[in-house]
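[1] Provided below are the primary sequence and the corresponding predicted coordinates.
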Amino acid sequence: DEAADIWLGDIGIPRERFARIGASDNFWSMGDTGPCGPCSEIFYDHGPEVAGGPPGTPEADGDRYVEIWNLVFMQFNRDASGIDTPLPRPSVDTGMGLERLAAVLQGVHSNYQTDLFVALIKASAEVTGCTDIGNSSLRVIADHIRSSAFLITDGVIPSNEGRGYVLRRII
């Protein structure tokens, strides 16, 4: 309720562009137990020419609306029996989908159509001799290259343990 008041009153989001979605779709938890809470999700509307309805509606399937940012109001700790207890120090956990935002800014509807992935997909096609640029295996290869680059930049090297094992498997 407090977040709704801020979005509508303080920020001035038009009421017709604001929706409340039930806890089944709009409540974040890390798993069965641990910190959790309700969310405010920010969506980008690609326009009526793209299939799909507003979030929380029966027509929500489709690419018209894409979530680009999420604010989780961490206010509970869920125990093994499913009971939520208020946290002694609530907080806000926020996350933005960098590739989703890049897709919006570049006017495309998929992360794989952004300049980063297109370059990796084309390079992968060239190296593998694949002539079908739409081949889903090329997207997998590009995603693995990207993931490997991030891990290596973080100092991870291929090994038989922990993050190094994950990197080795990805490669």
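    Cool, got the structure. Numbering: from 1, shown residues only.
[2] any chance you could map the strands in this protein?
    With DSSP state E, the ranges of strands along the chain come out as 27-29, 34-45, 65-78, 84-96.
[3] In CSV: those strands, plus mean neighbour count, mean pLDDT and distance to Tyr165.
    All C-beta spots, glycine's among them, are computed from the backbone N, C-alpha and C. What follows is those, written out as CSV (neighbours: other Cβ atoms under 10 Å; pLDDT from 0 to 100; distance: least, Cβ to Cβ, whole Å):
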stretch, mean neighbour count, mean pLDDT, distance to Tyr165
strand 27-29, 16, 90, 27
strand 34-45, 17, 92, 25
strand 65-78, 18, 93, 30
strand 84-96, 11, 94, 26
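[4] I'd like the distance between the most centrally placed residue in the chain and Ala103.
    Closest to where the C-alpha atoms of the chain average out (Cα atoms, centre = their mean) is Gly97, at 4.9 Å. According to Cβ to Cβ, to the nearest Å, Gly97 stands 9 Å off from Ala103.
[5] Which of the strands of the chain sits closest to Val140?
    strand 65-78 (21.2 Å; Cβ to Cβ).
[6] That closest one vs strand 84-96, what angle?
    With axes from the mean of the first three to the mean of the last three Cα atoms, to 10 degrees as the basis, strand 65-78 and strand 84-96 are set at 150 degrees to each other.
[7] now strand 65-78 and strand 34-45, what's the angle there?
    Going by the same axes, to 10 degrees, strand 65-78 makes 170 degrees with strand 34-45.
[8] who does strand 65-78 touch, helix- and strand-wise?
    strand 27-29, strand 34-45, strand 84-96, helix 98-105 (3 or more Cβ pairs under 8 Å, 6 or more residues apart in numbering; DSSP states H and E).
[9] the residue most distant from the middle of the protein, which is it?
    No residue in the chain sits farther from the centre than Gly129, which is 31.7 Å out by Cα atoms, centre = their mean.
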